[in-house]
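> Sequence plus predicted model, see below.
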Amino acid sequence: MSEDTKKTVNPLWGGRFVAGPSAVMARINPSIGFDRRLWAEDIEGSKAHCAMLVAQGIIPASDGKAILEGLDRVAAEITEGRFTFRDDLEDIHMNIEARLAELIGVAAGRLHTARSRNDQVATDLRLWTRAACERIDAELAGLQAALIDQAERHAGTVMPGFTHLQPAQPVTFGHHLLAYVEMVGRDRGRVADACRRLDECPLGAAALAGTSFPIDRAATARALGFARPCANSMDAVADRDFVVEVLATAALAATHLSRLAEELVLWASPAYGFVTLPEALTSGSSMMPQKRNPDAAELVRGKAGRVSGALIATLTVLKGLALTYGKDMQEDKEPLFDAVETLLLCLAASREMIAGLEARPAAMRAACAAGYLTATDLADWLVRAAGLPFRQAHHAVGRLVRLAEAEGVGLDGLSLSAMQAVEPAITEAARAVLTVEASVASRSSLGGTAPARVAEAARAARARYLGGGA
Ligand code: ARG
């Protein structure tokens, strides 16, 4: 073997190799380009493992001390940007261990006792994902806070409510925004749920079968803040459910944000004019001087595709993988990292848009004039005041709408005699239910859009999701 070849054989697993990887292997194999972001978790896991090895008498305390100190030095080098990440050392685990050996010498070789990169990477990734869940939850809560603030301000601001994107019934802007608070609340529930299920520690599963060393898995699980060790060593190294669950949660949250973003795009267009988005989150056109485009909203709408893509990519990587670990699983990280970063970015942008948007109540009110929004109210009046069966009332009001359409007026523009010609039970008193204010005020059923209900719901949401207070 020439000196040259020896150098390229991996120092950590190269015992049975005579030559280094081919050029293409050197390109396809490494994950250090992206798994370097697991460095802090890797060191945390190694420290817990090392302390346990010492406590169990598996490695000498003096070596354990040298390892722990060495790991702190590695951490400092990385934090201060003095660490050289090497592609030829493949991944974060071997980069750190190799540097540890440079720093403390042969004692470093004892760290990997009773451990494999398989349980190591599974542990690192769980730690990273757990922290990601906390970041996501905090951003989701921040968005809820912005939505609730606006909802309180606009508990009584009337606007058209839509089904099929056709004017349906009047609602209040605050009520509309609180719908998103509920969606985001469920997202937070899913994050918590995923986090609860990932709360088991793979460390000590070793390569796949466990180890002959007298390790203490409960101790490492505890040290890393997990509820308990994973029960089955093979499952521990093969399982990436926690990645899939967080991606599924992220995909749905991103989908919610894309619906909100689409509404912001519509509401901010001059055809609606319901809101003005903060200038800082919009952009101009290079050709049309008058334009102010809702780019941030459009990007939030679009990026949902990327997050769903990450979910599908990961499910597809795992599909059909025989137990236990397969290198395919190295492909779990980029989609996870990208989806989490993308979701966090979308959440921050959505929060800023909601917090900074200016509602245009006059435009919302004016839009209520189109589309016969109070037709249902008139039908309900006929049921209540004249005792008509709802179907018959519905039919009569349908005819009145047709008449109003032909005359080019709203329902309140029809004369009493014209209305009575269609439905004799109608009296002058019916006019009172035709205003949008009366309409929203009347919808005081639980979860309804009556301004008093909305104000109450905003308070309740604040207490339920944000722990009360201001
Ligand atoms: N870089 C690898 C990954 O991300 C670490 C685990 C490698 N394990 C192994 N037996 N080659 O999955």
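Cool, got the structure.
> Can you name the residues of the chain that neighbour the ligand?
31, 35, 91, 117-118, 121, 325, 327, 329-330 (Cβ under 6 Å from any ligand atom). From N, CA and C alone the C-beta is placed, and that goes for glycine too.
> Which pair of these spans the longest distance?
35 and 325 (14.7 Å; Cβ to Cβ).
> More neighbours: these two, which one.
residue 35 (25 against 21; other Cβ atoms under 10 Å).
> what residues are up against the residue nearest to residue 318 when sequence neighbours are not counted?
The shortest distance from residue 318 to any non-neighbouring residue, by Cβ to Cβ, 6 or more residues apart in numbering, is to residue 240 (5.9 Å). Going by Cβ atoms under 8 Å, 6 or more residues apart in numbering, residue 240 touches 125, 314, 318, 329, 332.
> let's see it at 7 Å
318, 329, 332 (Cβ atoms under 7 Å, 6 or more residues apart in numbering).
> before we move on, what about residue 9?
Per Cβ under 7 Å, 6+ apart, neighbours of residue 9: 17, 19-20.
> CSV for the residues of the chain next to the ligand, including secondary structure?
Formatted as CSV, the residues of the chain next to the ligand follow (DSSP: H, G, I helix; E, B strand; the rest coil):
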residue, secondary structure
31, coil
35, helix
91, coil
117, helix
118, helix
121, helix
325, coil
327, helix
329, helix
330, helix
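> Going through those residues, which ones are buried?
Among the residues of the chain next to the ligand, those buried by neighbour count (16 or more other Cβ atoms under 10 Å) are 31, 35, 91, 117-118, 121, 325, 329-330.
> which one of those sits closest to residue 403?
Among those, and counting by Cβ to Cβ, the member closest to residue 403 is residue 329, at 67.4 Å.
> what about residue 162, which SS state?
When the rule is three-state DSSP, residue 162 gets the label strand.
> That one and residue 169 touch, don't they?
No: with contact defined as Cβ atoms under 7 Å, residue 162 does not count as touching residue 169 (9.1 Å).
> out of these two, which sits in the more crowded spot?
residue 169 (21 against 15).
> Around the spatially closest residue to that one that is not a sequence neighbour, how many other residues sit close by?
Excluding the flanking residues, the one nearest residue 169 by Cβ to Cβ, 6+ apart is residue 161, at 5.2 Å. Residues contacting residue 161 under the criterion other Cβ under 10 Å number 18.
> Surely residue 161 touches residue 171?
Yes: between residue 161 and residue 171 a contact is recorded at 3.7 Å, counting by Cβ under 7 Å.
> Could you work out the end-to-end span of stretch 404-411 for me?
Chord length of stretch 404-411, first to last residue, is 6 Å (Cα to Cα, to the nearest Å).
> and it, which residues are buried?
In stretch 404-411, counting by 16+ other Cβ under 10 Å, buried: 404, 410-411.
> what about residue 264, which helix or strand?
Using DSSP states H and E, residue 264 falls within helix 241-268.
> what helices or strands is that helix leaning on?
helix 117-153, helix 173-197, strand 275-276, helix 295-318, helix 333-356 (3 or more Cβ pairs under 7 Å, 6 or more residues apart in numbering; DSSP states H and E).
> Repeat the analysis, applying 10 Å as the threshold.
Applying 3 or more Cβ pairs under 10 Å, 6 or more residues apart in numbering; DSSP states H and E, one finds that helix 241-268 contacts helix 117-153, strand 158-163, helix 173-197, strand 275-276, helix 295-318, helix 333-356.
> Which single residue of the stretch 201-350 of the chain ends up nearest the ligand?
Among the residues of the stretch 201-350 of the chain, residue 330 lies closest to the ligand, at 3.7 Å counting by Cβ to the nearest ligand atom.
> residues in contact with that residue?
By Cβ atoms under 10 Å, 6 or more residues apart in numbering, residue 330 lies in contact with 29-31, 34-35, 90-91, 121, 317.
> Can I get those in TSV including distance to residue 139 and pLDDT?
Shown next, in TSV, are the contacts of residue 330 (distance: Cβ to Cβ, whole Å; pLDDT from 0 to 100):
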residue	distance to residue 139	pLDDT
29	35	97
30	31	97
31	27	98
34	22	98
35	24	98
90	33	96
91	29	98
121	26	98
317	27	98
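> Nearest to residue 48 among those?
residue 121 (14.9 Å).
> Local confidence estimate at the closest residue to the closest one other than its chain neighbours?
Leaving aside its sequence neighbours, residue 121 sits nearest to residue 93 (Cβ to Cβ, 6+ apart; 6.6 Å). We have a pLDDT of 98 for residue 93.
> and residue 93, what is it in contact with?
Residue 93 touches 12, 31-32, 35, 38-39, 42, 45-46, 112, 115-117, 120-121, 124, counting by Cβ under 10 Å, 6+ apart.
> Figure out the helix or strand that it lives in.
Judged by DSSP H and E, residue 93 forms part of helix 92-104.
> picking up where we left off before, overlap of the contact sets of residue 161 and residue 171?
Joint contacts of residue 161 and residue 171 (Cβ under 10 Å, 6+ apart) are 368, 373, 440, 443, 449.
> tell me the two of these that are most distant?
Of all the pairs that the shared contacts of residue 161 and residue 171 form, the one spanning the most space (Cβ to Cβ) is 368 and 443, at 14.0 Å.
> Okay, now the unreliable bits of this protein?
1-7, 468-470 (pLDDT under 70).
> So which residue is smack in the middle of it?
residue 250 (3.7 Å; Cα atoms, centre = their mean).
> In space, what's closest to residue 58 - neighbours in sequence excluded?
Residue 58 sits nearest to residue 213 (Cβ to Cβ, 6+ apart), 5.2 Å away.
> Now do the same for the one you found: helix, strand or coil?
From three-state DSSP, the assignment for residue 213 is coil.
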